[in-house]
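Chemist: Sequence first, then the predicted structure:
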Amino acid sequence: MTDSTQPPANDGSLNSNKKKGIINNSSIDPNKILPFTYPWAREYYKQGVANNWTAEEVSMQRDIELWKSEDGLSDDERRMILWNLGFFSTAESLTANNIVLAAYPHVTNPECRQYLLRQAFEEAIHTDTFIYCCDTLSLDPDEIYNMYLTVPTVKEKDEFVVKLTQSIFDPNFKTDTPENIQKFVFDLIGFYIIMEGIFFYAGFVMLLSLMRNNRMVGIGEQFQYIMRDESIHVNFGADLINTIVEENPEIWTPEFKKTVSETIQEAVQLECNYAADALPRGILGLRSDTVQDYVKYIADRRLERIGLETVYNVESPFPWMSEIMDLSKEKNFFETRVTEYQTGGSLEW
């Protein structure tokens, strides 16, 4: 799967009354969004609006019947579903907190801030999805929402991302020096490239593979929506990172690039550990080693997206992922027929 949601390239032509600088720009009035300095941020916002959805739009009736049936799901299938709900339920909150508390205060450009608010709304929708799943399947919320403490491979991923942002959450932190801009970019890489761009994708392939086998299709369809949102989040984050680097080239040193690449590789290992934990014996032809290869494939795409060299150079073991992500048409759950879902704009993969 390759993320191909690309905005029009920024040709560098800026309105004369706007100073170039996506962060730490005191000359910009954050309340004055026009004229745009970074049109690509506006395009991402419009794509998000066109893809608007809510969890309750997805029928869970078949999932309820299958989940409650004594012989409906294997123990390994239940384990895999619970592991992913447990990770995503807290990961979405971590991401939302980072947007509001760490990214928004330092990104002074108004059209980027508009998109960050849109993304924060989408993270709230994702959080609501896991509430909806817990309610409809009568899951124990203490079990699901405490997995970041009780399941070691989930805990390791969450702690890894939190560790990347310790300095950024200092209330006195400012992006006023090259060193601090480096720290800020490192934080953005932690959340956009690692959390949303790598840590989410083993879970996506597991649950969407289950859906392809006509099992837990309600949860699968919700994860399709979430993955579509996350693909746009990752591309926005990559363009934000690349723009900061372009405007502050002194931070993109060989040493920093090496640190970023090594950090991403460490994240890949954590995600591979998680895949092995969630799929100890394989399910319906889905094995942990193929999921691990997919994680490595995705990691190379993320490295390329921010101008770094690939590491793993493996082929995607799941070419169907690029097809399953095409949500230009969705099911009308009352009529059970395919209808156009998007209400405006277009999304191309």
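Modeler: Good, I have the coordinates. Since the structure is predicted, the reported quantities are computational estimates derived from the model, not experimental observations. Residues are numbered from 1 along each chain as shown.

Chemist: how far away is residue 109 from residue 247?
Modeler: From residue 109 across to residue 247, the span is 11 Å (CB to CB, to the nearest Å). In this view, the C-beta of every residue, glycine as well, is placed from N, C-alpha and C.

Chemist: Just want to know which of these two has more residues nearby.
Modeler: residue 109 (24 against 15; other CB atoms under 10 Å).

Chemist: is it true that the more buried one touches residue 32?
Modeler: No: checked against CB atoms under 8 Å, the pair residue 109 and residue 32 is beyond contact range at 10.9 Å.

Chemist: sorry, back to before: overlap of the contact sets of residue 109 and residue 247?
Modeler: 21, 22 (CB atoms under 8 Å, 6 or more residues apart in numbering).

Chemist: for this protein, what spans make up the strands?
Modeler: Secondary structure of the chain (DSSP state E): strands located at 329-332, 337-340.

Chemist: Worst mean pLDDT among those strands?
Modeler: Mean pLDDT is lowest for strand 337-340 among those, at a mean of 35.

Chemist: neighbours around residue 203, how many?
Modeler: 25.

Chemist: thinking it is in contact with residue 92, fair?
Modeler: No: in terms of CB under 8 Å, residue 203 does not count as a neighbour of residue 92; the distance is 11.5 Å.

Chemist: Need the overlap of contacts for the two.
Modeler: Joint contacts of residue 203 and residue 92 (CB under 8 Å, 6+ apart) do not exist.

Chemist: ok now do the residue nearest the centre of the chain, which residues does it touch?
Modeler: Geometric centre of the chain, nearest residue: residue 196, 2.7 Å, by CA atoms, centre = their mean. Counting by CB under 8 Å, 6+ apart, residue 196 makes contact with 95, 230, 233, 234, 237.

Chemist: who touches the fourth one in this structure?
Modeler: For residue 234, the contact set (CB under 8 Å, 6+ apart) comprises 3, 192, 193, 196, 197, 302, 305.

Chemist: neighbours around the last one, how many?
Modeler: Yep, that's residue 305 we're talking about. Residues near residue 305, counting by other CB under 10 Å, number 20.

Chemist: Could you find the closest non-adjacent residue to it?
Modeler: Closest residue to residue 305 apart from its sequence neighbours, by CB to CB, 6 or more residues apart in numbering: residue 238 at 4.4 Å.

Chemist: isn't that neighbour right next to residue 189, touching?
Modeler: No: Residue 238 is beyond contact range of residue 189, at 9.2 Å (criterion: CB under 8 Å).

Chemist: And these two? Which one has more around it.
Modeler: The neighbour comparison of residue 238 against residue 189 (other CB under 10 Å) goes to residue 189, with 24 against 21.

Chemist: gap between the more buried one and residue 264?
Modeler: Separation of residue 189 from residue 264 (CB to CB) stands at 8 Å.

Chemist: and if you look at residue 79?
Modeler: Here residue 79 is placed at a distance of 28 Å from residue 264 (CB to CB).

Chemist: hmm, which of the contacts of residue 234 are the buried ones?
Modeler: Buried by 16 or more other CB atoms under 10 Å: 3, 192, 193, 196, 197, 302, 305, out of the contacts of residue 234.

Chemist: Now intersect these with the helices, please.
Modeler: 302, 305 (DSSP state H).

Chemist: Out of the buried ones among the contacts of residue 234, which is nearest to residue 136?
Modeler: Comparing these against residue 136 with CB to CB places residue 196 closest, at 25.3 Å.

Chemist: between residue 79 and residue 264, who's got more neighbours?
Modeler: Each of residue 79 and residue 264 has its neighbours counted (other CB under 10 Å); residue 264 has more, 22 against 17.

Chemist: re earlier: what sits in contact with each of residue 238 and residue 189?
Modeler: Common contact partners of residue 238 and residue 189 (CB under 8 Å, 6+ apart): residue 306.

Chemist: which residues touch residue 296?
Modeler: By CB under 8 Å, 6+ apart, residue 296 lies in contact with 268, 272, 311, 312, 314.

Chemist: Hmm, residue 297 and the last one touching each other?
Modeler: Yes: under the contact definition of CB under 8 Å, residue 314 touches residue 297, with a separation of 5.3 Å.

Chemist: More neighbours: the two, which one.
Modeler: When residue 314 and residue 297 are compared for neighbours, residue 297 comes out ahead with 21 against 15, by other CB under 10 Å.

Chemist: which residues touch that one?
Modeler: Taking CB under 8 Å, 6+ apart, we find residue 297 in contact with 1, 312, 314, 315, 316, 317.
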